[in-house]
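Asker: I would like to see how this sequence folds:
(one chain, ligands or ions: 3)
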Amino acid sequence: MSTKRKANVSKKIVLEAINDAFKKLNPKVMARNPVMFVVEIGFVITLLLSIFPALFGGISERGYNIAVTIILFVTIIFANFAEALAEGRGKAQANSLKKTKQDTKARLILKDGSIKIVDATELRKGDTVLVKANDLIPTDGDVIEGVAAVDESAITGESAAVIKESGGDFSSVTGGTKVISDYIKVKVSTDPGESFLDRMINLVEGAKRQKTPNEIALSTLLVSLTLIFLLVCTTLVPIASYIKVTLPIATLIALLVCLIPTTIGGLLSAIGIAGMDRVTQYNVIAKSGKSVEAAGDINTIILDKTGTITHGNRMAAALFPVNGISQEELNKFAVYSSLHDETPEGRSVIKFAKKSGLSEKELDKNGTEGIEFTAETRMSGTDFTDGKKVRKGAVDAIIENILYQGGKVPSDLKDISDKVAMQGGTPLVVIEGNRVLGVIYLKDTVKPGMKERFDELRKMGIKSVMCTGDNPLTAATIANEAGVDDFIAEAEPEDKISVIKREQAEGKLVAMTGDGTNDAPALAQADVGLAMNTGTNAAKEAANMVDLDSDPTKIIEVVAIGKQLLMTRGALTTFSIANDVAKYFAIIPAMFMLAIPQMKALNIMGLATPQSAILSALIFNAIIIPLLIPLAMKGVKYVPMSATRLLTKNLSLYGLGGVLVPFIGIKFIDLILVMFRVA
Ligand SMILES: Nc1ncnc2c1ncn2[C@@H]1O[C@H](COP(=O)(O)OP(=O)(O)OP(=O)(O)O)[C@@H](O)[C@H]1O
Ligand SMILES: [K+]
Ligand SMILES: [Mg+2]
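Answerer: Ligands and ions are numbered 1, 2, ... in the order given. Sure, this is the predicted structure:
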């Protein structure tokens with residue numbers, strides 16, 4: 001059920017990335033990446049030395065200086081290319097999204113009810129617009145009147161139309177999508193530049209990309225390492241002069257660049273961008289990199305039931321009267337209870353009861369007053385002028401209500417509601433005053449493939465808890481059918497938050513998935529909030545991710561990507577630093593071999609000449625960056641296993657590999673240099 005968009009890097013993207021790699025040479029841009037900025041400064045110095053070999057006095061060979069300059073330049077270009085390539089796919093996607101946004105017109109409904117055609121960009125929060133069949137919805141909003149089929153493929157890539165209607169959790173519409181039948185009135189919910197499409201464009205463009213706390217921590221480490229090696233290289237100068245060795249400046253710069261963590265420094269932002277890009281390929285819009293990384297460490301996931309685990313189009317499927325009440329009477333009161341209920345559930349009750357033949361009189365709302373459904377009361381209903389109060393709602397809420405009014409619970413009510421609940425349906429009890437009439441069976445179905453997906457979550461060590469306002473029996477049935485680990489029933493919105501807070505207090509990271517307005521506070525409280533695209537705007541706004549496919553288990557992909565992100569960064573940092581061992585053995589003997597012949601013993605790679613040794617190490621240092629771009633972009637493969645095993649595995653692979661690979665690489669490059677007599 002989870003889609004994955006194709007992730008091809010076209011020739012066009014590569015060409016543009018090459019172009020961007022040069023543009024990023026701008027020192028202002030480079031300064032954001034301190035490690036590579038040091039390389040750029042080194043490049044400028046060796047460039048000057050190539051032109052004026054005696055600039056800083058001492059010995060200096062022009063040819064050698066030029067060689068170092070070229071390699072340094074290529075190193076920077078490679079690092080810039082990695083970042084530009086990672087950005088490329090997002091830019092291409094942003095361009096296609098921008099086409100969706102092109103000048104849409106809107107039918108603004110003015111105060112007097114007349115309609116004025118305006119540009120979509122002129123719409124403000126709170127405006128009301130009319131959208132007819134074949135119109136593009138001008139911007140994000142909530143349906144306040146009407147029901148329509150909407151084609152959301154421009155955003156979700158999913159071609160099947162979805163029904164949008166006022167009232168319940170299916171009332172939000174997104175700018176750029178298209179009404180294909182009927183009409184709707186939409187209340188605008190965002191100001192220009194802040195719509196979902198705008199945010200999506202910003203996101204894939206990486207325009208507002210902020211470093212995650214994790215990235216900041218790693219950058220700090222890299223900067224510290226750079227400073228330490230800078231100190232090491234500068235102190236070599238007096239030491240060398242003491243033993244009467246003059247070190248060429250180009251050699252010192254080469255040593256510095258080889259020792260500072262250029263590999264991870266050059267690939268760091270590409271890893272982050274590519275990770276976010278992978279999230280979008282799974283049709284998930286993540287508002288921040290931070291949330292994706294947090295997902296990598298999630299322990300618990302809380303899920304809403306209706307509209308999240310189930311499809312959520314709860315429809316009345318049967319009406320069961322209690323003993324002593326006729327079917328006709330229950331039908332009538334079920335309708336009464338729903339006269340003003342503008343939720344899909346309420347409308348479905350009217351529609352269902354209508355089929356059994358109701359007179360117009362019974363549908364007359366005149367003089368009656370609606371009692372709106374709220375997640376707190378878990379009831380809705382109608383007050384009549386003759387004092388009659390008709391209600392329908394969750395079993396426990398209604399029982400509490402009639403007992404309070406001194407009414408009696410019919411002996412067969414439990415059996416009837418249990419029968420509905422055991423089928424996974426939601427029973428709504430209908431009452432008039434303190435008299436129970438019967439039960440409405442609201443039918444709902446679990447989204448396909450849930451069981452296997454929750455099994456997968458379990459393997460990842462993540463506990464799943466369904467949290468629903470519905471009764472315990474329905475909750476148990478759906479929980480069992482979907483395969484979640486645990487459930488909490490009869491939950492009010494605060495309960496969802498307290499469950500999350502409780503887990504967080506135990507030091508756990510919690511994800512929450514939901515679709516309703518009542519889920520919004522919990523979505524905001526969770527470390528990772530994943531809203532369903534079918535859900536309300538409030539839910540989508542509070543969450544830090546939106547799944548365009550409305551699949552609550554999509555968290556699996558996000559978790560894997562989050563873990564991969566952290567692992568890839570760790571692996572390449574380990575590799576980058578481990579590389580220093582071989583570079584050290586290539587360069588240090590080369591620097592001192594002439595003055596101290598005993599140093600030859602350290603030339604364990606048997607490199608040809610001091611100059612070829614230094615150039616080989618520097619060339620290896622440069623080409624390792626593009627060689628690792630595919631790994632940085634694709635990420636280290638994540639297979640569920642214990643954290644310690646994972647650490648041991650990665651340390652041996654990237655740590656040991658990081659020590660060995662450059663020995664082979666540098667020797668190989670040295671052989672080639674000698675073969676072509678370059679050095
Ligand atoms: N229109 C309605 N009128 C009366 N009662 C309703 C109505 N809609 C739902 N209910 C009752 O209120 C309960 C809570 O509904 P709500 O949609 O707020 O649940 P929730 O907390 O979001 O949990 P979930 O979405 O998982 O069911 C439902 O289980 C149902 O019993
Ligand atoms: K390096
Ligand atoms: Mg809900």
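Asker: near the one residue in the stretch 51-200 of the chain that gets nearest to ligand 1, how many other residues are there?
Answerer: Residue nearest to ligand 1 within the stretch 51-200 of the chain (C-beta to the nearest ligand atom): residue 169, separated by 7.2 Å. For the C-beta atoms, the positions are set from N, CA and C on the backbone; glycine is no exception. Using other C-beta atoms under 10 Å as the criterion, residue 169 is surrounded by 26 other residues.
Asker: please name the residues that touch it.
Answerer: 306-307, 312, 515-517, 534-536, 539 (C-beta atoms under 8 Å, 6 or more residues apart in numbering).
Asker: what do you get for residue 633?
Answerer: Per C-beta under 8 Å, 6+ apart, neighbours of residue 633: 85-86, 270, 274.
Asker: distance of the residue lying farthest from the centre of the chain relative to residue 47?
Answerer: The centre of the chain is farthest from one residue, residue 244, which by C-alpha atoms, centre = their mean lies 58.8 Å away. Distance, residue 244 to residue 47, using C-beta to C-beta, to the nearest Å: 29 Å.
Asker: repeat that for residue 552.
Answerer: Separation of residue 552 from residue 47 (C-beta to C-beta) stands at 56 Å.
Asker: the two: which is more packed in?
Answerer: When neighbours are counted by other C-beta under 10 Å, residue 552 and residue 47 differ, and residue 552 comes out ahead with 31 against 17.
Asker: for the closest residue in space to the more buried one that isn't next to it in sequence, grab phi and psi.
Answerer: The spatial neighbour of residue 552 that comes closest, neighbours along the chain excluded (C-beta to C-beta, 6 or more residues apart in numbering), is residue 513 at 4.1 Å. The phi/psi pair for residue 513 (degrees, to the nearest 10) reads phi -120, psi 140.
Asker: identify the bridge partners of residue 513.
Answerer: residue 303, residue 530 (DSSP bridges).
Asker: correct me if wrong: it contacts residue 535.
Answerer: No. The criterion here is C-beta atoms under 8 Å, and residue 513 misses it with residue 535 at 9.6 Å.
Asker: residues contacting the residue most central in space within the chain?
Answerer: Closest residue to the average C-alpha location of the chain: residue 286 at 2.9 Å, with C-alpha atoms, centre = their mean. Contacts for residue 286 (C-beta under 8 Å, 6+ apart) come out as 203, 276, 279-280, 292, 544-545, 558.
Asker: let's see that with 7 Å instead.
Answerer: 276, 279, 292, 544-545 (C-beta atoms under 7 Å, 6 or more residues apart in numbering).
Asker: which among those residues count as buried?
Answerer: 276, 279, 292, 544-545 (16 or more other C-beta atoms under 10 Å).
Asker: ok, whichever residue of the chain sits closest to ligand 3 to residue 241 distance?
Answerer: Proximity of the chain to ligand 3 (C-beta to the ion) peaks at residue 516, 3.5 Å away. Using C-beta to C-beta, residue 516 is found at 74 Å from residue 241.
Asker: just the CA coordinates of stretch 282-299, formatted as CSV?
Answerer: What follows is stretch 282-299, C-alpha atoms only, in CSV (Å, rounded to 0.1, in the frame of the first residue of the first chain):
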residue,chain,number,x,y,z
TYR,A,282,7.8,7.5,0.2
ASN,A,283,5.1,10.2,-0.1
VAL,A,284,5.7,11.5,3.4
ILE,A,285,6.1,15.3,3.8
ALA,A,286,8.5,15.8,6.8
LYS,A,287,8.6,19.4,7.9
SER,A,288,12.0,19.0,9.6
GLY,A,289,15.1,16.8,9.4
LYS,A,290,15.0,16.7,13.2
SER,A,291,11.7,14.7,13.2
VAL,A,292,13.1,12.2,10.7
GLU,A,293,16.1,11.6,12.9
ALA,A,294,14.0,11.4,16.0
ALA,A,295,11.9,8.7,14.2
GLY,A,296,15.1,6.6,14.0
ASP,A,297,15.1,6.2,17.8
ILE,A,298,11.3,5.8,18.4
ASN,A,299,10.3,3.3,21.1
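Asker: quick one: mean pLDDT for that stretch?
Answerer: The average of the pLDDT scores along stretch 282-299 is 90.
Asker: one more: stretch 138-152?
Answerer: Here the average pLDDT along stretch 138-152 is 93.
Asker: over to stretch 391-408?
Answerer: Averaged over stretch 391-408, pLDDT sits at 96.
Asker: ok, stretch 611-623 next?
Answerer: For stretch 611-623, the per-residue pLDDT averages 95.
Asker: give me the number of residues near the nearest residue to residue 528 once chain neighbours are set aside?
Answerer: Excluding the flanking residues, the one nearest residue 528 by C-beta to C-beta, 6+ apart is residue 511, at 4.0 Å. Here the number of neighbours of residue 511 (other C-beta under 10 Å) works out to 28.
Asker: give me phi/psi at residue 511?
Answerer: Per degrees, to the nearest 10, the backbone of residue 511 is at phi -110, psi 150.
Asker: wait, doesn't it sit right on residue 298?
Answerer: Yes. Using C-beta atoms under 7 Å, residue 511 makes contact with residue 298 at a distance of 4.8 Å.
Asker: what is in contact with these two at once?
Answerer: Common neighbours of residue 511 and residue 298, using C-beta under 7 Å, 6+ apart, are residue 528.
Asker: in its sheet, what does the longest strand anywhere in the chain sit against?
Answerer: The longest strand of the chain (DSSP state E) is strand 435-443. Applying DSSP bridges, strand 435-443 is found paired with strand 315-321 (antiparallel), strand 426-432 (antiparallel).
Asker: what's the first one in contact with?
Answerer: Pointing back at strand 315-321 there. Outside strand 315-321, the residues touching it (C-beta under 7 Å, 6+ apart) are 327, 329-331, 334, 348-349, 352, 416, 425, 437-443.
Asker: following element in sequence after that strand, please.
Answerer: Where DSSP states H and E defines the elements, the next helix or strand beyond strand 315-321 is helix 327-338.
Asker: tell me the mean pLDDT over the following helix or strand past that following helix?
Answerer: Using DSSP H and E, the helix or strand that directly follows helix 327-338 along the chain is helix 344-355. For helix 344-355, mean pLDDT rounds to 88.
Asker: could you see whether ligand 3 lies near helix 344-355?
Answerer: No. Helix 344-355 is not in contact with ligand 3 by C-beta under 5 Å from the ion; minimum separation 11.2 Å.
Asker: what about the residue of the chain closest to ligand 3, neighbour count?
Answerer: Residue 516 has 24 nearby residues by other C-beta under 10 Å.
Asker: may I see the buried residues of the lengthiest helix in the chain?
Answerer: Secondary structure of the chain per DSSP state H: the longest helix is helix 62-101. Across helix 62-101, burial judged by 16+ other C-beta under 10 Å covers 64-94, 97, 100-101.
Asker: now do stretch 427-447
Answerer: For stretch 427-447, by 16+ other C-beta under 10 Å, it's 427-432, 435-444, 446-447.
Asker: quick check: residues of the stretch 501-650 of the chain near ligand 2?
Answerer: residue 621.
Asker: surely residue 76 is in contact with residue 40?
Answerer: Yes. With contact defined as C-beta under 7 Å, residue 76 counts as touching residue 40 (5.7 Å).
Asker: contact partners for the closest residue to residue 610 other than its chain neighbours?
Answerer: Excluding the flanking residues, the one nearest residue 610 by C-beta to C-beta, 6+ apart is residue 590, at 3.8 Å. Going by C-beta under 7 Å, 6+ apart, residue 590 touches 607, 610, 613-614.
Asker: so residue 590 belongs to a strand, correct?
Answerer: No. Counting by DSSP: H, G, I helix; E, B strand; the rest coil, residue 590 is not part of a strand but helix.
Asker: distance-wise, check residue 383 relative to residue 372.
Answerer: 12 Å.
Asker: would you quantify the distance from residue 120 to residue 137?
Answerer: Taken as C-beta to C-beta, the span from residue 120 to residue 137 is 9 Å.
Asker: three-state assignment of the closest residue to ligand 1 within the stretch 401-550 of the chain?
Answerer: Nearest residue of the stretch 401-550 of the chain to ligand 1: residue 469, at 2.7 Å (C-beta to the nearest ligand atom). Following three-state DSSP, we place residue 469 in the coil state.
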